[in-house]
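Trainee: model this:
(chains A and B)
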Amino acid sequence: MNTAAPLDLASIPDRIQSEVQRAIQRSIKGVEYFASSGPSLGSTPKDILHARGTLSLYHYRPLSDEIYRVPILIVMATTNRGYILDMVPGQSFIEFLLKRGYDVYMMDWTAPKPEEKSLRMEDYVLDFIPDCVRRVQRDSGETDVTVIGYCFGGVLSLLYGSIFNDGPMKNLICFTTPIDFREMKLFQNFSDKRYFDVDRLIDSVGNVPPEMILSSFEMLRPASRAASQVQLWDNIWNDEYVKSYRMFDRWATDTLPLAGEYFRQITQDLMWENKLYNDAMSVGGRPADISRITVPILHAVAEHDHIVPYDAAKPLIQKIGSSDKEEVMLKGGHVSLVAGANAIKRLWPKLDTWLGERST
Amino acid sequence: MADKSNDPVAIWQNMIGEMEKGFNSFANQAMASPEFSKAVNQVGGVTAGAQKQLGDLMEKYLVSMNLPSRAQMVGMAERLQSIEGQLNEIRALLHQVHNNSSAPEGGYAAAPRPPRTKRPPGAGGEKK
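Mentor: Predicted structure coming up:
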């Protein structure tokens, strides 16, 4: 049993002085916080290769004198902006890949317009991804492409890979990708078929508003926003803490609306029927069984992921048809897995080692 | 290393962390019940319907006042975004043309890109 250490009376004046200095710094920095904008995010040089409605395809300018033969196409989750993978120099997954000699493209999303409410899963899986793969092939001059999918971008990549299983995808990397939607227990309860009328919602709002998406994420940890603001005030004297807080807070609240029909399909096919797990998924009438995927796959999952719990992600490696497959579980949460300090130390080097030897 | 067991700041931070965990855990248990789902979806359904009706009403009001609605402002923002996108494409093309213009005589060459010859470290590739 631990016992409290005796009070060190001699250190009290120093500690009071330190706290007074911090209190002064808090006041000064607090004013600065509200008077300044946050750090510039997503600033790694890139060119827009293609833009169509909600879709933007970027090509990042190489930062290495020599690059791997196989280009990478990143498929971002449709609920969030892609700059989570390109925060600031030194804390950017994209910059890391470029410096390690990869040729990087990204499918990023903007808010779907009201008239894009009719976009369906078919548009994402049978049109947007194949179209971008073709554009990457044309731009890079290479036939093979490595696909990296983050969160629901991973689901879209799996659906694409299972339908175009004889296609150009050479490697697949998924980050925190759910397969068994029964295990997303709170989301399951929020969308309980008995009480959640998805048709009424979509028919009345068109596209699902970003506030609703953000609320559903925040409801998973309802005290965390308030607690993070208390922690911000405690640490507002610390420039590094504030910079990091602003980056992640801005990204987390920069949620995108979802196209109405696409959301309806996700709810009905994945949340209610769990079709991907039950090998019953099809897109536009084409079977999308992930056991048809045979390319090398790496699945990175986070130990403390509250959005995609491990039980929801675990079956991916079990069900995929590849023989060259690996799951890596790392400390951290849904976001810190790909963009936090742990990502820099653990995930990125692991991914580089795995992908480098499969990119020649 | 400084002892934190009687440091009021450390105690405060620890307390906030524990309160956050405790409340999240309690709320997650409450939110896992069917009653919660029923209640939240009833409220959500009513709110979505009310928002839609209010939006329609507001749109009519703004039209009557000869003012742009939110949808029109969003539309304008999207047009601007699209123009920005096209400007980016033009900038990329200009960048490419600029690179080409510095190519050797004899016409335009493709923009220079690094060779795709990299090998992983340990397979004859560069060491980092």
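
Trainee: Up against chain B, what does the stretch 101-250 of chain A have?
Mentor: Proximity of the stretch 101-250 of chain A to chain B, by Cβ under 8 Å from any Cβ of the partner chain, involves residues A:101, A:103, A:110, A:113-114, A:140, A:142, A:185-186, A:189-190, A:192, A:194-197, A:200-201, A:204-205, A:212, A:219-224, A:227, A:230-231, A:234. From N, CA and C alone the C-beta is placed, and that goes for glycine too.

Trainee: give me that answer again for 6 Å
Mentor: Contact residues (Cβ under 6 Å from any Cβ of the partner chain) of the stretch 101-250 of chain A with chain B: A:101, A:113, A:186, A:189, A:192, A:195-197, A:201, A:204-205, A:221-223, A:227, A:230.

Trainee: Buried only: go through these for me.
Mentor: Buried members of those, scored by 16 or more other Cβ atoms under 10 Å in any protein chain shown, are A:101, A:113, A:186, A:189, A:192, A:195-197, A:201, A:204-205, A:221-223, A:227.

Trainee: Just to be sure, which of these are found in strands?
Mentor: Residues of those located in strands (DSSP state E): none.

Trainee: Point out the residues in chain B that sit beside chain A.
Mentor: So far as Cβ under 6 Å from any Cβ goes, chain B lies against chain A at B:3, B:5-6, B:16, B:20, B:23-24, B:27, B:31-32, B:37-38, B:41, B:45, B:48-49, B:52, B:78, B:85, B:88-89, B:92, B:114-120.

Trainee: For ChimeraX, what selects the buried ones among these?
Mentor: In ChimeraX, this line selects whichever of the residues of chain B next to chain A come out buried by 16+ other Cβ under 10 Å:
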select /B:16,20,23,24,27,31,37,41,45,48,85,88,92,116,118,119,120
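
Trainee: just checking, which of the residues of chain B next to chain A belong to helices?
Mentor: If you go by DSSP state H, these have B:16, B:20, B:23-24, B:27, B:31, B:37-38, B:41, B:45, B:48-49, B:52, B:78, B:85, B:88-89, B:92 in helices.

Trainee: who touches stretch B:62-78?
Mentor: Applying Cβ atoms under 6 Å, 6 or more residues apart in numbering or on different chains, the contact partners of stretch B:62-78 are A:113, B:59.

Trainee: Quick one: mean pLDDT over it.
Mentor: Taken as a whole, stretch B:62-78 carries a mean pLDDT of 79.

Trainee: end-to-end on that stretch?
Mentor: 20 Å (Cα to Cα, to the nearest Å).

Trainee: Over to stretch A:194-214?
Mentor: 23 Å.

Trainee: Now do the contacts for A:Val338.
Mentor: A:Val338 sits in contact with A:Phe175, where contact means Cβ under 6 Å, 6+ apart.

Trainee: That one belongs to a helix?
Mentor: Yes: applying DSSP: H, G, I helix; E, B strand; the rest coil, one finds A:Val338 inside a helix.

Trainee: center of the chain - which residue?
Mentor: Answering for chain A, as no chain was given. The centroid of chain A falls nearest to A:Tyr150 when counting by Cα atoms, centre = their mean (4.2 Å).

Trainee: nope, chain B
Mentor: B:Gln81 (15.1 Å).

Trainee: Now for that one, which secondary structure element holds it?
Mentor: helix B:70-101 (DSSP states H and E).

Trainee: chain center to that helix, what's the gap?
Mentor: Offset of helix B:70-101 from its chain centre (Cα atoms, centre = their mean, to the nearest Å): 19 Å.
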